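A.B. asks: pasted the sequence and its predicted model underneath.
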Amino acid sequence: MSDAAPVTLSAHNLSRRYGGREVIHNLSLELGRGEVLGLLGHNGAGKSTTLQMLTGALAPHSGEIAICGFDLARQPKQAKARIGFLPETPPLYRDMSVDDYLLFAARLRGMPRGVIAGALAETKRRCGLQDAGRKLVGTLSKGYQQRTGIAQAIIHGPEVIILDEPTVGLDPAQIRDIRALIRELGDAHSVILSTHLLGEVESVCDRVEILHQGRLIYGDSSARMQQYGHQPGFIVNLLAPPDISELQAISGVQQVERLSATRFRVLHQAGVNSGAALLALAGQCGWRAEQLVPLQSSLEEVFVKITRGETP
């Protein structure tokens with residue numbers, strides 16, 4: 001979270017039990033204005049339980065939650081007025097039109113009558129529902145039902161928007177549209193996005209918190225997450241390659257693996273430009289270097305490392 005961004009949500013030492021089993025263990029996190037936070041974890045990690053506590057739908061057994069400075073337990077009306085929530089199963093009334101449903105949601109939020117019409121028009125525009133107002137919710141595609149669910153969460157202009165698996169069950173085109181909408185919402189609001197999809201994190205999230213067996217085990221920016229435990233190196237293609245020992249003798253090179261007759265994976269020390277040294281040597285020795293591509297860790301690989309407890 002940026003130091004300059006005002007804190008819109010803070011949770012400290014949250015715990016939750018079901019029966020005698022503790023499913024959320026001493027969880028703490030903060031969210032800044034204009035930030036999209038990805039809450040990442042396997043199915044069953046405790047993501048939905050955490051979001052339900054953050055919205056006031058489920059009380060923690062211990063810990064404190066504040067929304068824009070209002071204590072969620074002691075000042076629930078003021079705190080909840082600043083939250084928009086889309087559960088994993090959107091709370092839709094299938095036999096209502098989109099307009100009637102969103103008007104109903106606005107009135108539930110206690111919005112003044114004089115501002116509802118303008119808020120309805122703006123929310124439909126933001127969610128791409130301009131032409132769907134008179135349609136019954138039950139006749140909409142899954143993607144447009146999801147848009148309607150997001151619309152009910154934002155119609156009252158909340159500072160904090162909490163979305164639980166917002167793209168589950170959508171086709172690729174629908175996923176792209178919903179992700180673009182979430183990214184837009186993050187420009188003016190604070191957003192928490194629960195997901196188990198790594199592509200979701202990469203495309204829309206500024207920061208990542210990984211929840212594993214009810215505990216937050218990792219938190220950082222999504223860009224730095226990709227560098228977790230990353231060994232610097234590159235793949236190089238040499239059309240007239242030397243003996244592998246000559247590549248291993250290059251300054252800073254730690255390991256060379258032959259992938260094919262002409263392709264090599266080269267790992268080197270951090271801060272050492274072994275790629276430039278190799279290309280210079282290739283030019284001198286006629287190795288005919290054709291391509292050099294830096295190694296990148298996929299988010300999937302990083303996620304597996306973190307949840308398995310592998311250290312960088």
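C.D. replies: All right, it came through fine.
A.B. asks: could you pull up the residues touching Leu129?
C.D. replies: By C-beta atoms under 8 Å, 6 or more residues apart in numbering, Leu129 lies in contact with 98, 123, 144, 147-148, 151. For the C-beta atoms, the positions are set from N, CA and C on the backbone; glycine is no exception.
A.B. asks: my error: substitute Ser251 in the last question.
C.D. replies: 272, 274, 277.
A.B. asks: just those: which are in strands?
C.D. replies: Using DSSP state E, no member of the contacts of Ser251 falls in strands.
A.B. asks: could you identify which of those residues has the most neighbours?
C.D. replies: Neighbour counts for the contacts of Ser251 peak at Ser274, which has 21 neighbours (criterion: other C-beta atoms under 10 Å).
A.B. asks: hang on, isn't that one packed against His268?
C.D. replies: Yes - between Ser274 and His268 there is a contact under C-beta atoms under 8 Å: 3.9 Å.
A.B. asks: overlap in contacts, these two.
C.D. replies: Shared contacts of Ser274 and His268, defined by C-beta under 8 Å, 6+ apart, comprise 252-253.
A.B. asks: what residues does the worst-scoring helix or strand of the chain on mean pLDDT touch?
C.D. replies: The weakest-scoring helix or strand in the chain, judged by mean pLDDT, DSSP states H and E, is helix 222-225 (a mean of 74). Here helix 222-225 makes contact (C-beta under 8 Å, 6+ apart) with 38, 201-202, 205-208, 218, 299, 302.
A.B. asks: tell me how far the ends of stretch 288-308 are from each other?
C.D. replies: Terminal residues of stretch 288-308 are spaced 41 Å apart (C-alpha to C-alpha, to the nearest Å).
A.B. asks: quick one: secondary structure of the residue most central in space within the chain?
C.D. replies: Centroid-nearest residue in the chain: Gly38, 2.8 Å away (criterion: C-alpha atoms, centre = their mean). Gly38 falls in the strand class when you classify it by DSSP: H, G, I helix; E, B strand; the rest coil.
A.B. asks: just checking, Gly186 is part of a strand?
C.D. replies: No - using three-state DSSP, the assignment for Gly186 is helix, not a strand.
A.B. asks: contacting residues for it?
C.D. replies: Shown in contact with Gly186 (C-beta under 8 Å, 6+ apart): 34-36, 204, 206.
A.B. asks: and with 10 Å instead?
C.D. replies: If you count contacts by C-beta atoms under 10 Å, 6 or more residues apart in numbering, Gly186 has them with 33-37, 161, 193, 204-206.
A.B. asks: how about Ile67?
C.D. replies: Contacts for Ile67 were tallied using C-beta under 10 Å, 6+ apart; they are 7-11, 31, 54-56, 75-76, 78-83, 158-160, 190.
A.B. asks: and Pro112, by the same measure?
C.D. replies: 106, 119.
A.B. asks: go ahead and confirm Glu30 touches His12.
C.D. replies: Yes - counting by C-beta atoms under 10 Å, Glu30 does reach His12; the two are 9.0 Å apart.
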